[in-house]
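Novice: Predicted model and sequence below, questions to follow.
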Amino acid sequence: MSLIYRRKANQPSLTHVIHDYYGEIIPFAKRIDQKIVALPLLLLKTIEWSIYRWYKTPIRRFYGVKGNELIYMITRRCCDKCSKCGIWKIPEPDNQHLPVSEFINCLNQIHENLYQVTLTGGEPLLYLEDVLLIGEECKKLNVPMLVVTNGVLLTKRFLQAYAKLEHILVISVDTINTAKWVNFRGRNHFELVMGNIMLARSSLGNKLRIQSVLAKETQDDIPLVKNFCDEHSIPHIIQPYMDFGGCWHSTTSKAKDTGVACAARKNICIYPNGDVVKCFDHHRIPLAKEPLGNIKKEDIITILCKRRSTEVSKIMKTCNYPCKQLSCNIPIDICNS
Ligand SMILES: C[S@@+](CC[C@H](N)C(=O)[O-])C[C@H]1O[C@@H](n2cnc3c(N)ncnc32)[C@H](O)[C@@H]1O
Ligand code: SF4
Ligand code: SF4
């Protein structure tokens with residue numbers, strides 16, 4: 001790691017500073033609709049940029065603002081074998097699975113910075129009791145939580161307990177055609193999941209979402225999933241297909257350039273073994289290939305305040321891979337509009 005620290009890119013030159021400034025300002029300027037307020041907003045943004053640029057304490061980036069999302073891949077294990085996804089193919093061994101107390105400890109240290117905790121996987125409900133424990137802690141700390149699940153392991157007891165916590169549940173559905181379901185998910189539990197969705201709808205009300213992956217394989221199915229969601233008043237989210245080690249095909253050959261910086265900079269991502277990265281596609285960024293640290297060995301604040309963490313965040317401002325379009329990497333204001 002020390003070798004990486006000595007990279008020349010970490011010592012700011014004039015071109016580096018200019019690049020950094022434009023990397024921040026141009027995407028910001030593109031998002032200003034009303035030209036009349038453009039000048040004062042750009043001035044304020046420049047002041048903010050200067051503070052972050054010249055005030056060296058990286059802790060400023062992480063404290064006092066509810067601007068970060070903590071995304072925990074609680075496990076790589078899964079009860080499905082989806083053809084779109086390769087995560088289930090490399091489940092973590094028992095000794096590589098973080099005890100829930102370590103995650104809760106991390107959550108307690110940075111909760112003031114978080115606008116949301118997201119639990120994903122693998123299948124998070126393989127650790128149903130841990131999910132509820134984390135949900136309770138988030139409730140105590142007043143941080144909203146969102147769990148993404150394949151819907152197979154939902155139970156009445158879980159839904160009743162989860163409903164009390166008032167967090168969001170996202171169930172993944174890419175088709176409502178029984179024959180395709182088996183093909184897509186590698187398991188025949190269409191009836192079980194559809195029944196669980198109805199149960200979740202009645203227990204969670206407007207806290208339930210359905211998410212579909214848009215790929216060549218699903219483009220004809222998604223309108224039908226959307227109709228199903230509309231019939232049952234369930235908000236529907238579409239996620240573009242990315243390479244997660246699966247074998248589906250994207251509907252577009254190129255990444256759409258939205259002109260907006262990748263918002264993954266706001267994310268703090270934790271792997272099942274406790275490794276910390278800034279986005280789950282970090283392997284695309286040479287400086288971010290290695291995890292920034294591990295919450296079993298160091299506390300999260302130390303990890304986030306490392307110089308490499310700050311440098312990786314800076315590089316992410318101008319990063320432009322297709323993963324930028326994943327729902328967790330879209331700026332919150334766009335997500336909510
Ligand atoms: C990796 S899964 C983990 C949570 C849970 N097992 C599930 O399927 O909902 C998280 C989300 O990513 C979506 N997903 C899976 N493979 C994907 C891919 N190749 N591209 C984009 N999204 C994908 C899933 O549909 C799900 O909504
Ligand atoms: S998409 Fe979710 S349910 Fe499907 S294999 Fe991947 S982790 Fe499991
Ligand atoms: S574009 Fe992809 S690799 Fe780059 S910062 Fe965003 S999520 Fe990470």
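Specialist: Right, received. Where do you want to start? Ligands and ions are numbered 1, 2, ... in the order given.

Novice: wait, doesn't residue 322 sit right on residue 244?
Specialist: No. The pair residue 322 and residue 244 fails to qualify as a contact (Cβ atoms under 8 Å) at a distance of 11.7 Å. Any C-beta I mention is one placed from the backbone N, CA and C, and that applies to glycine too.

Novice: Show me what the strand or helix carrying residue 202 is packed against.
Specialist: Assigned by DSSP states H and E, residue 202 belongs to helix 190-204. For helix 190-204, the helices and strands in contact under the criterion 3 or more Cβ pairs under 8 Å, 6 or more residues apart in numbering; DSSP states H and E are helix 156-165, strand 168-172, helix 178-185, strand 208-214.

Novice: quick one: which of those is nearest ligand 1?
Specialist: Closest to ligand 1 of the helices and strands packed on helix 190-204, according to Cβ to the nearest ligand atom: strand 168-172, at 3.4 Å.

Novice: Partner strands of the closest one, with direction?
Specialist: Within its sheet, strand 168-172 is paired with strand 145-149 (parallel), strand 208-214 (parallel), according to DSSP bridges.

Novice: ranking these by burial, who's on top?
Specialist: Per residue and on average, the most neighbours among those fall to strand 145-149, with a mean of 23 (mean count of other Cβ atoms under 10 Å).

Novice: quick one: is that one near ligand 1?
Specialist: Yes. Applying Cβ under 6 Å from any ligand atom, one finds strand 145-149 in contact with ligand 1 at 148-149.

Novice: near ligand 2, anything from that strand?
Specialist: No. In this structure, strand 145-149 remains apart from ligand 2 according to Cβ under 6 Å from any ligand atom; the gap is never smaller than 7.8 Å.

Novice: Next to ligand 1 in this structure, residues from the stretch 51-200 of the chain, please.
Specialist: Close to ligand 1, as judged by Cβ under 6 Å from any ligand atom, the stretch 51-200 of the chain has residues 78, 84-85, 87, 120-121, 123, 148-150, 172.

Novice: ok, now with 8 Å
Specialist: The interface of the stretch 51-200 of the chain toward ligand 1, taken as Cβ under 8 Å from any ligand atom, is made up of 73, 78, 80, 82, 84-85, 87, 120-124, 148-151, 170-172, 174.

Novice: isn't there a helix covering residue 237?
Specialist: No. The secondary structure assignment for residue 237 gives strand rather than a helix, going by DSSP: H, G, I helix; E, B strand; the rest coil.

Novice: Give me the nearest residue to it, chain neighbours excluded.
Specialist: Closest residue to residue 237 apart from its sequence neighbours, by Cβ to Cβ, 6 or more residues apart in numbering: residue 211 at 4.5 Å.

Novice: and what of residue 41?
Specialist: The nearest residue in space to residue 41 (Cβ to Cβ, 6+ apart) is residue 32, at 5.7 Å.

Novice: related to what we said a few turns ago, turn the strands paired with strand 168-172 into TSV, including mean pLDDT.
Specialist: Conversion of the strands paired with strand 168-172 to TSV gives the following (pLDDT from 0 to 100):
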stretch	mean pLDDT
strand 145-149	98
strand 208-214	98
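
Novice: need the contact list for residue 184.
Specialist: With contact taken as Cβ atoms under 8 Å, 6 or more residues apart in numbering, residue 184 is in contact with 82-84, 174-175, 217-218.

Novice: Lowest mean pLDDT among the helices and strands of the chain, which one is it?
Specialist: Within the chain, no helix or strand scores below helix 2-5, which has a mean of 27 by mean pLDDT, DSSP states H and E.

Novice: Just put the strands paired with strand 168-172 in JSON lines and tack on distance to residue 267.
Specialist: Output for the strands paired with strand 168-172, formatted as JSON lines (distance: least, Cβ to Cβ, whole Å):
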{"stretch": "strand 145-149", "distance to residue 267": "13"}
{"stretch": "strand 208-214", "distance to residue 267": "17"}
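
Novice: Quick one: closest of those strands to residue 222.
Specialist: strand 208-214 (5.2 Å; Cβ to Cβ).

Novice: for the next helix or strand after that closest one, what is the average pLDDT?
Specialist: Later in the chain than strand 208-214, the nearest helix or strand by DSSP H and E is helix 222-231. For helix 222-231, the per-residue pLDDT values average out at 98.

Novice: Go through helix 222-231 and flag the buried ones.
Specialist: Judged by neighbour count (16 or more other Cβ atoms under 10 Å), helix 222-231 contains these buried residues: 222, 225, 228-229.

Novice: quick one, what contacts the residue lying closest to residue 75 once chain neighbours are set aside?
Specialist: In space, and not counting its chain neighbours, residue 75 is closest to residue 122: 4.0 Å by Cβ to Cβ, 6+ apart. For residue 122, the residues meeting the contact criterion (Cβ under 8 Å, 6+ apart) are 73-78, 87-88, 91, 272.
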